[in-house]
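Using only what follows, build the 3D model:
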Amino acid sequence: MNLNRRTTLRGCGGALMALPCLDLMAETSDSEDPMRMVCVGLNFGLVPQLFFPKQTGENYELTDRLKPLAGVRDKFSVFSGLDHGVNAQGGHGGVHAFLSGVLSKNSAGMPEANISVDQKAAQVVGSKNRFASLQFASGNDPNNMLSWSASGVSIPPISDPQRIFSLLFQKTDPALRDQRQQALAAQKSILDLVKNDADLLTKRVGARDRRKLDRYFETVRSVERKIAKSNQWLDKPKASVDYQMPDAAGGLPFIERVPLYYDLMELALETDSTRILSLGLADIGANFGGFSISRGYHQLTHHGKVPEYITELSIIEQFHMEQLARFLKKLASRQDVNGLSLLDNTMVLFGSGMGNASSHSNKNLPLILAGGGFKHGAHHSHFKDESRNLSTEAGRLFVSMLKRFNPEIDQFGTARGTLDGLEVNG
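Okay, here's the model as predicted:
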């Protein structure tokens, strides 16, 4: 059946809206044991031989990359032998599958497309917080889009720290509040219109297109829920924090902006403004990002084992590990509502969808998981056969993480079951 131009445009217009996560699962109750998730992704990975320990278990020797984390050694785990296999190959083009395990181009046949683990967690957390989830990034690298909805749509991150701070903590002007309320009402009217069109289409299409429309309807319902939630929060004051943003924060070099993202994530968690966060750390930008290096970040990652390149690349990679260590220490020092530390109640996943940027390999991803109530302090190898580089699905780690939100979850993407050896504290 041929669709006329008017119907096609109206249908596509709805499908291409910026969409939030789907709230398909029950919301969390007002439990005194809140669980949170933070996912941090690097677009160029880490030099494998400088990241992965040679020993497994608790008595492994900290590598050069892990040494900045020495002060929180018992609060994180290192994983080797995990990746997404053939489902996320493609060099730089495979990095966006870091948190989903599924390339966007292969998502059409999946029940929840290439939904990312943070958005799956946001489904469970529901709408009890001002923001179901927040996405930050240091730049706009299309290869490093971390968060994806159940409709297969990438969720655009915010890169300006000042805008993030305003979103979280700046009081809303009454006039702007009224404008926002009118905009939400207008958006609801548009949704009603495109939904009516889709209802008519459902009666005229075949089974395959009907499945696509079913996914579209879920998208529309999720937008409706987001609109309702936004209205609920319009009259509720935002949290107040004692934090001073530097002037023109968005224009600061990479080396000065990255600590701000981590500070804002910690404040968002501490004020319970959201429980799900992602941070994409992409290219360092102009003037080498403020680092004392003589070549671009991307060029350095293709080091070909040249010592001078690796030395300069190590400056960037060590900075990332130092910032992670600083973040974990801050979370560990903050007491949460249940008497545990904020880190105890927050899973922090740090890594990349790139295993070895020098060879454009998406195998053996560098992964660290901290906090979240797990037993930590060890290096876990999950190679099925290291000599042949046969690894375990990284999605099983994500299943283990998601179970902290809902014990009934037993699969994620193409992965089934949890990761062996990763245990929860008793």
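
Strands of the protein, start to end?
Taking DSSP state E as the test, the strands found in the chain are 36-42, 76-80, 82-83, 134-137, 276-281, 346-352, 367-371, 379-381, 392-393, 411-412, 415-416.

between those, which gets nearest to residue 264?
strand 134-137 (7.3 Å; C-beta to C-beta). (C-beta placed from N, C-alpha, C; glycine too.)

low-confidence ranges in the stretch 151-300 of the chain?
Residue ranges of the stretch 151-300 of the chain with pLDDT under 70: 173-203, 205, 207-208, 210-233.

Which stretches in it count as helices?
Under the criterion DSSP state H, counting those that start in this stretch, helices of the stretch 151-300 of the chain are mapped to 161-169, 174-202, 207-233, 254-270, 297-301.

got it, and the stretch 1-150 of the chain?
Per DSSP H, counting those that start in this stretch, the stretch 1-150 of the chain has helices spanning 5-15, 48-51, 117-125. These are given in chain order.

Who are the packing partners of the second one?
Secondary structure elements in contact with helix 48-51, counted by 3 or more C-beta pairs under 8 Å, 6 or more residues apart in numbering; DSSP states H and E, are helix 307-333.

Show me what counts as buried in the helix it packs on.
Taking 16 or more other C-beta atoms under 10 Å as the basis for neighbour counts, the residues of helix 307-333 that come out buried are 309-310, 312-314, 316-317, 319-321, 323-328, 330-332.

That one vs strand 276-281, what angle?
160 degrees (axes from the mean of the first three to the mean of the last three C-alpha atoms, to 10 degrees).

Off-centre distance for stretch 98-112?
Mean C-alpha position of stretch 98-112 versus that of the full chain (C-alpha atoms, centre = their mean, to the nearest Å) differs by 15 Å.

Average pLDDT for it, rounded please.
Rounded to a whole number, the mean pLDDT of stretch 98-112 is 93.

Need the residues that contact it.
22, 39, 41, 84, 87-88, 90, 93-94, 96-97, 113-118, 120, 146-148, 150, 152, 154, 278, 351-353, 365, 393-395, 398, 412-415 (C-beta atoms under 8 Å, 6 or more residues apart in numbering).

if I look at the nearest residue to residue 51 once chain neighbours are set aside, how far off is residue 337?
With C-beta to C-beta, 6 or more residues apart in numbering as the criterion, residue 51 has its nearest non-adjacent residue at 4.4 Å, and that residue is residue 65. Taken as C-beta to C-beta, to the nearest Å, the spacing of residue 65 relative to residue 337 amounts to 34 Å.

Just want to know which of those two has more residues nearby.
Ranked by neighbour count (other C-beta atoms under 10 Å), residue 65 and residue 337 place residue 65 first, with 23 against 12.

Quick check: pLDDT value at that one.
Here, the pLDDT recorded for residue 65 equals 97.

Relative to residue 323, how far out is it?
13 Å.

Over to residue 262?
Following C-beta to C-beta, the distance that separates residue 262 from residue 323 is 6 Å.

Also residue 114?
Distance of residue 114 to residue 323, computed by C-beta to C-beta: 28 Å.

Next: residue 305.
Residue 305 sits 26 Å away from residue 323, taking C-beta to C-beta as the criterion.

Leaving out sequence neighbours, find the closest residue to residue 349.
Counting by C-beta to C-beta, 6+ apart, residue 39 is the residue found nearest to residue 349 once chain neighbours are left out, at 4.7 Å.

actually residue 58, not the one I wrote
The shortest distance from residue 58 to any residue other than its chain neighbours is 4.6 Å, reached at residue 378 (C-beta to C-beta, 6+ apart).

ok, now which ones touch the one you found?
56, 57, 58, 60, 77, 78, 421.

Over to residue 304?
Residue 304 is in contact with residue 358, counting by C-beta under 8 Å, 6+ apart.

Need the pLDDT of it.
92.

quick revisit: dump the contacts of residue 378 to JSON lines, plus neighbour count and distance to residue 137.
Compiled in JSON lines, the contacts of residue 378 are given as follows (neighbours: other C-beta atoms under 10 Å; distance: C-beta to C-beta, whole Å):
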{"residue": "56", "neighbour count": "16", "distance to residue 137": "33"}
{"residue": "57", "neighbour count": "12", "distance to residue 137": "35"}
{"residue": "58", "neighbour count": "13", "distance to residue 137": "34"}
{"residue": "60", "neighbour count": "19", "distance to residue 137": "32"}
{"residue": "77", "neighbour count": "21", "distance to residue 137": "25"}
{"residue": "78", "neighbour count": "24", "distance to residue 137": "25"}
{"residue": "421", "neighbour count": "15", "distance to residue 137": "32"}
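
biggest separation within these, which pair?
The two members of the contacts of residue 378 with the most space between them (C-beta to C-beta) are 60 and 421, at 13.6 Å.

wait, what's in contact with residue 275?
The neighbourhood of residue 275, defined by C-beta under 8 Å, 6+ apart, consists of 34, 35, 36, 37, 121, 125, 129, 269.

how about a cut-off of 6 Å?
Residue 275 makes contact with 36, 125, 129 under the criterion C-beta atoms under 6 Å, 6 or more residues apart in numbering.

and the first one, how many neighbours?
By other C-beta under 10 Å, the residues close to residue 36 number 26.

was I right about it contacting residue 347?
No. Applying C-beta atoms under 6 Å, one finds residue 36 not in contact with residue 347, separated by 7.0 Å.

So residue 385 versus residue 361, what's the distance?
From residue 385 over to residue 361 the distance is 17 Å, taken as C-beta to C-beta.
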